[in-house]
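> Next one to model:
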Amino acid sequence: VGRARGLTGAELRKRKEWVIENTQISGVWKHIVSELSLGYRQRVGLAQALIHDPRVVILDEPTSGLDPMQIVGIRKLIRELAKNKTVIFSTHILQEASAVSDRLLIIDRGRIIAHGTVAELKKSKAVEHTFTVGIQAGREEVEDAFKSIPALRKAEFLDVISGSARFLCSAGSYDDAARSINRLVKEKNWYLRELSLREPSLEEIFLGLFKDTGKEK
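Below is the predicted model of the structure:
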């Protein structure tokens, strides 16, 4: 592959040594590909992609078939490459995408339906905000009062800690729900012990995006 990319002599030897070391194939690089396990095939494919030191690297599921230690090594290599190259990383495993990417693009049938950093996507694309509420009052009393708050989609009882009833709540707008809860606490002369927003996971955002796409169709 190096020769096919125009490398010869000392330059080829230098690049070959670099990819063998950085993709961790020193024990198998003399084997033919058909003799290798899936994990080693993945790493050989990565070595082939990097042999000529390209400015842009396109990777499709590069960690598929690797064990946990190998995955950590490949992630580290990708982050190092991204310091001075453009790396396009294609995967359907959101944990992998968030572990190595500066920006994410979510594509549905060839159309980009969302893009941005992980933080930007979590802030702008969350279809539902989930948060924990702790109020120093009786559980039944709080549950009944929560029914009067239109902004709350759900208020699920969690536990009682030090006299405070804790609930897992969800709402379309956290700000609206928080204002309503604070107003209710003030009216009832209760003590608000906790009101903490839980950041949505990428999986929740992903499912929400495709749910919205389905509604449009």
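
> switch to C-alpha atoms for all contacts and neighbour counts from now on
OK.

> got the residue ranges for the helices in this protein?
Using DSSP state H, the helices assigned to the chain run over residues 9-22, 38-50, 68-81, 94-100, 118-124, 139-146, 174-188, 202-216.

> Can you tell me the closest non-neighbouring residue to the residue most central in space within the chain?
Central residue check for the chain by C-alpha atoms, centre = their mean: the C-alpha nearest the mean position is that of residue 98, 3.6 Å away. On the basis of C-alpha to C-alpha, 6 or more residues apart in numbering, the spatially nearest residue to residue 98 that is not a chain neighbour turns out to be residue 118, at 6.8 Å.

> what about that neighbour, how many residues close to it?
Counted with other C-alpha atoms under 10 Å, the neighbours of residue 118 add up to 17.

> what's the spacing between it and residue 110?
Separation of residue 118 from residue 110 (C-alpha to C-alpha, to the nearest Å): 21 Å.

> low-confidence ranges in the chain?
Low-confidence segments of the chain, defined by pLDDT under 70, span residues 123-128, 210-217.

> ok, longest strand in it?
strand 152-161 (DSSP state E).

> so how far is that strand off the chain centroid?
For strand 152-161, the distance between its averaged C-alpha position and the chain's averaged C-alpha position is 27 Å (C-alpha atoms, centre = their mean, to the nearest Å).

> List the buried residues for that strand?
Taking 16 or more other C-alpha atoms under 10 Å as the basis for neighbour counts, the residues of strand 152-161 that come out buried are 152, 153, 155, 157, 160.

> which two in the residues you listed are spaced the farthest apart?
Greatest spatial distance in the buried residues of strand 152-161: 153 and 160, 21.3 Å, computed using C-alpha to C-alpha.

> For residue 62, list the residues it contacts.
Under the criterion of C-alpha atoms under 8 Å, 6 or more residues apart in numbering, the contact partners of residue 62 comprise 42, 43, 46, 74.
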